[in-house]
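# fold the following, please.
(chains A, B, C and D)
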Number of protein chains: 4
Amino acid sequence: MRNAIFLYPGYRNKCRGLHTFFDDIYEGRMIMKEITRTPIVILNFKTYLESTGEKALKLATVSQEVADETGVNIAVAPQHVDLLRISKEVTIPVLAQHVDAVDAGGHTGSVLLESVKEAGAIGTLINHSEQRMKLADIQMVVKKTAESGMVSVICTNNIETSAAAATLGPNFVAIEPPELIGSGIPVSQAEPEIVEGTVDVIHKISLDVGVLCGAGISTGDDLQAALNLGSEGVLLASGIILADDPKEALLDLVSKI
Amino acid sequence: MRNAIFLYPGYRNKCRGLHTFFDDIYEGRMIMKEITRTPIVILNFKTYLESTGEKALKLATVSQEVADETGVNIAVAPQHVDLLRISKEVTIPVLAQHVDAVDAGGHTGSVLLESVKEAGAIGTLINHSEQRMKLADIQMVVKKTAESGMVSVICTNNIETSAAAATLGPNFVAIEPPELIGSGIPVSQAEPEIVEGTVDVIHKISLDVGVLCGAGISTGDDLQAALNLGSEGVLLASGIILADDPKEALLDLVSKI
Amino acid sequence: MRNAIFLYPGYRNKCRGLHTFFDDIYEGRMIMKEITRTPIVILNFKTYLESTGEKALKLATVSQEVADETGVNIAVAPQHVDLLRISKEVTIPVLAQHVDAVDAGGHTGSVLLESVKEAGAIGTLINHSEQRMKLADIQMVVKKTAESGMVSVICTNNIETSAAAATLGPNFVAIEPPELIGSGIPVSQAEPEIVEGTVDVIHKISLDVGVLCGAGISTGDDLQAALNLGSEGVLLASGIILADDPKEALLDLVSKI
Amino acid sequence: MRNAIFLYPGYRNKCRGLHTFFDDIYEGRMIMKEITRTPIVILNFKTYLESTGEKALKLATVSQEVADETGVNIAVAPQHVDLLRISKEVTIPVLAQHVDAVDAGGHTGSVLLESVKEAGAIGTLINHSEQRMKLADIQMVVKKTAESGMVSVICTNNIETSAAAATLGPNFVAIEPPELIGSGIPVSQAEPEIVEGTVDVIHKISLDVGVLCGAGISTGDDLQAALNLGSEGVLLASGIILADDPKEALLDLVSKI
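A predicted model of the protein is given here:
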């Protein structure tokens, strides 16, 4: 039921100034299944052993439980190898951590968007701080996600790159100051002006691009601060994955909403 | 006299919607020496043997002669190794072909912006089709050029990435459909809608970013077509460098202006 | 029963000159389950749609059938996303197409060796022509495979890089002249001297590194020629995957053994 | 007089086991001008401001003075942009910090070997820790240096990659444990077994490849220790470049020879 309850009504395709240029490109985009307005929590599994294989499945199940118990929109982004087993077992949205800027063909070792979609991913992170991409490749992948009816979340490092990312028409831009990633120092409290500045500049470019923030987020206060700054959700990882009790940590994270 | 006659009065810092966000970043920017309104021709030397070492110096001298004889604004972009000897011998603007997204320090083998500036380059190409860069790196280099009073020319592959590039506040965006580079088929005649579309979308983002176009340009008709489509100049290479008589080719290129 | 029937008795750890240096590094290496001397056929699924998702599973099942019917040692290398579903359904060896040179931790979007192993891969291709790696990264991955009891197949482009690869102590080096990949022109017939030269130089470095060859291989004659040149098997892709009837193509491939 | 006094008589082309394979490849190799047996000190200028532009020229001149006063073989590796001005002013060997694995043609922003040679470089560092390269690219560049009569110095991170590098037939392999680079902790004293192990394994592969070591080297004791371990010289940077008095630091470095 909660699977992919991800997008706002009328989401995207309304980049104001850019409207006429991008419309035809993105007409393939389909609005995802069910719509809700709750904030979004994306749990990035990264490549921790604590979130690999069977442990990844367990963590996704826990995320599902917290989503069910609290009604909060929680998505998980496991490693490529674990996408299929997780998407078969949970109904919360499952995202890929990355896809390569290639079309089907001779690209040994690359991650094909068509492949992650077939495995049940409803979208993908793009340009994560640990997997930075070329501008032309980001654009190609955003376009492919739109044409495939998938959700795109471009990660960025500052206000300027967030503005650039927004013009590409993704569903979300997730601002994460690199120096705070994995630091335990929440961006929403340490650098609120970056989150606010990103929200402002992106909304000048398009009201259809949602803003997430990340880096150092782990508690209910962090998430609340992030929402108060105008973001629509958070991207987080180690604060939950490496917690002694990930379920308890997730419950705390969403407790203030 | 013609050295760096490159920028329009009041150039940049006027990104309309984005104005308040980027102003402080770019306040270090200085308007380059002399100003002119002639179209700009940037001759990219690439890594041809015909434009390496002493031959690069000869080609730059020829470019200077054509600039002097015709009054057209011609800039040259030689290899890193040749920057100093060329900038010492000519007064036309000299650009680097690329700089790396690093600050001074331990970066063996990288091209430091401070280094090319000290060698006389007044600006740099960024993200050329043959040297694609990560989004975060493009932004860092554009910011460094602005802070150093240097000219930035971001190369792009389509309308969407041109829009993204324009938000970063470069002096120029040069649209070059990759499939036409080195083809001898001029973008201004083969795909005029890409040039026009790029001009339109960039001017919606900022009137302070100039649009150049490239790929397949070599004749006076190609350049005239490029200007008629709203671009302010062209980026070109093999059509001149590999010509039997580069001076004659350059003279033909600018003959219709 | 045929799962991972991959390595020769006493395989590896016997680099003659290099013996004393590498012994301790690789002592974690375990000899894989069952041993056989038949030539090895590795079918690289690349990122063709014809070998993605359910179609990948079908292709692996066909490969299993041919292995069962003919007794030839056939391994498959599907995309990351498909590793688990395939390794659960077939008993022939399953390899990853690539793993990244990272240890567990914060590496969003990377392919972790521990992850592909948990999903049932018994080894991995390394440094494929379409996924070239840095020397230091190749060495790290080979070492990780050895420590994990997994099979390593380093792909190389010429005799010199094959020699370098062999010193790293992989199980196999697969020589594939890049210009013949996907060409339909079999390396074993078009450039036999490269295969022979690779076998010679590698055997001077270590008798414990097997030599495979690839590029353009698709028929029984190609495979026979490859074995006659001293290689112990082949790496192939499009010749089978894009065939009208992959099973028939595989049967033809192994018909001359 | 001391320019390029770099290679031992009969240097290279004698890889024992590999001899017959590489001979024809490297027959273009010319023995550099004058020959000496003193240890070699390579000063890597990296991209410090203290070693950029005019300051680079000053540092090269100081290196020349120390070489002249002490008779020690000192080479400098400045940034690309500074190669020409330095090679014109000093007679000690000048190396590039890196060249790209490309041939002349359309490679905007790349560093062409032909270009650095024309600017007076007599060789190049390859695969420095701060500029790691793909295996196939290392091999291509080593081959190009040999064919151009230039000196190749492949940097490596451990014993295994040093062995692999040695099979490619460079003039030197420079082992530099990455964790010690810029640390001030000298490899020759902190990890002597890595230097000894590298010397041993490389001499099993070829007596024609010299071994250098680097990382944390700055004093006469460090250099003496490095030579005692069987290396033929050192690669160093910050210990000299960032010293209050680089000439004094260089004089101290070579004082124990």
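# close to chain C, is stretch A:243-250?
No - using Cβ under 8 Å from any Cβ of the partner chain, stretch A:243-250 stays clear of chain C, with a minimum separation of 15.3 Å. From N, CA and C alone the C-beta is placed, and that goes for glycine too.
# where do the strands of the stretch 101-250 of chain A begin and end?
Along the stretch 101-250 of chain A, counting by DSSP state E, counting those that start in this stretch, strands occupy A:123-126, A:151-156, A:172-175, A:210-214, A:233-236.
# who in the stretch 151-257 of chain A is up against chain B?
Listed as neighbours of chain B in the stretch 151-257 of chain A under the rule Cβ under 8 Å from any Cβ: A:156-161, A:163-169, A:197, A:200-201, A:204-205.
# now the strands of the stretch 101-250 of chain A in a markdown table, with mean neighbour count?
Converted to a markdown table, the strands of the stretch 101-250 of chain A look like this (neighbours: other Cβ atoms under 10 Å in any protein chain shown):
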| stretch | mean neighbour count |
| --- | --- |
| strand A:123-126 | 28 |
| strand A:151-156 | 29 |
| strand A:172-175 | 29 |
| strand A:210-214 | 28 |
| strand A:233-236 | 28 |
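# those strands: which one's closest to C:I217?
Among the strands of the stretch 101-250 of chain A, the nearest to C:I217 by Cβ to Cβ is strand A:123-126 (34.1 Å).
# so can I have CSV of the strands of the stretch 101-250 of chain A showing distance to chain D and mean pLDDT?
Converted to CSV, those look like this (distance: least, Cβ to the nearest Cβ, whole Å; pLDDT from 0 to 100):
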stretch, distance to chain D, mean pLDDT
strand A:123-126, 25, 97
strand A:151-156, 24, 97
strand A:172-175, 28, 96
strand A:210-214, 29, 93
strand A:233-236, 29, 93
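# of all those strands, which one comes closest to A:P39?
Using Cβ to Cβ, the strands of the stretch 101-250 of chain A put strand A:233-236 closest to A:P39, at 4.5 Å.
# so does the closest one get close to chain C?
No - against chain C, strand A:233-236 shows no contacts by Cβ under 8 Å from any Cβ, the least distance being 10.0 Å.
# who touches the residue in chain A sticking out farthest from the centre in this structure?
For chain A, the largest distance from the centre (Cα atoms, centre = their mean) belongs to A:G106, which lies 28.3 Å off. Going by Cβ atoms under 8 Å, 6 or more residues apart in numbering or on different chains, A:G106 touches C:K46, C:T47, C:Y48, C:E130, C:I181, C:G182, C:A237, C:S238.
# buried ones in whichever helix in chain A runs longest?
When chain A is parsed with DSSP state H, its longest helix is helix A:54-70. Neighbour counts over helix A:54-70 (16 or more other Cβ atoms under 10 Å in any protein chain shown) mark A:K55, A:A56, A:L57, A:L59, A:A60, A:V62, A:S63, A:Q64, A:E65, A:V66, A:A67, A:T70 as buried.
# closest to D:G216 out of those residues?
For these, the residue nearest D:G216 by Cβ to Cβ is A:K55; the value is 39.5 Å.
# OK, contacts around that closest one?
If you count contacts by Cβ under 8 Å, 6+ apart, A:K55 has them with A:L49.
# residues near A:G184, how many?
When neighbours are defined as other Cβ atoms under 10 Å in any protein chain shown, A:G184 has 12 of them.
# A:S231 now?
The number of residues near A:S231, taken as other Cβ under 10 Å, comes to 28.
# quick one, what contacts it?
A:S231 sits next to A:S188, A:V195, A:V199, A:V211, A:L212, A:C213 when contact means Cβ under 8 Å, 6+ apart.
# again, only this time at 10 Å
Counting by Cβ atoms under 10 Å, 6 or more residues apart in numbering or on different chains, A:S231 touches A:39-40, A:172-175, A:187-188, A:195-196, A:198-199, A:210-214, A:223, A:225.
# inside helices: which ones of the contacts of A:G106?
Going by DSSP H, the helices hold C:S238 from the contacts of A:G106.
# out of the residues of the stretch 151-257 of chain A next to chain B, which touch chain C?
Among those, not one lies near chain C by Cβ under 10 Å from any Cβ of the partner chain.
# restricted to helices, list these.
Going by DSSP H, the helices hold A:159-161, A:163-167, A:197, A:200-201, A:204-205 from these.
# could these be laid out in JSON lines, adding neighbour count, pLDDT and distance to B:S231?
Formatted as JSON lines, these follow (neighbours: other Cβ atoms under 10 Å in any protein chain shown; pLDDT from 0 to 100; distance: Cβ to Cβ, whole Å):
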{"residue": "A:I159", "neighbour count": "24", "pLDDT": "96", "distance to B:S231": "29"}
{"residue": "A:E160", "neighbour count": "26", "pLDDT": "96", "distance to B:S231": "24"}
{"residue": "A:T161", "neighbour count": "28", "pLDDT": "97", "distance to B:S231": "26"}
{"residue": "A:A163", "neighbour count": "30", "pLDDT": "97", "distance to B:S231": "23"}
{"residue": "A:A164", "neighbour count": "28", "pLDDT": "97", "distance to B:S231": "21"}
{"residue": "A:A165", "neighbour count": "32", "pLDDT": "98", "distance to B:S231": "25"}
{"residue": "A:A166", "neighbour count": "28", "pLDDT": "97", "distance to B:S231": "25"}
{"residue": "A:T167", "neighbour count": "28", "pLDDT": "96", "distance to B:S231": "20"}
{"residue": "A:G197", "neighbour count": "21", "pLDDT": "94", "distance to B:S231": "32"}
{"residue": "A:D200", "neighbour count": "17", "pLDDT": "95", "distance to B:S231": "31"}
{"residue": "A:V201", "neighbour count": "23", "pLDDT": "95", "distance to B:S231": "27"}
{"residue": "A:K204", "neighbour count": "19", "pLDDT": "92", "distance to B:S231": "26"}
{"residue": "A:I205", "neighbour count": "26", "pLDDT": "92", "distance to B:S231": "23"}
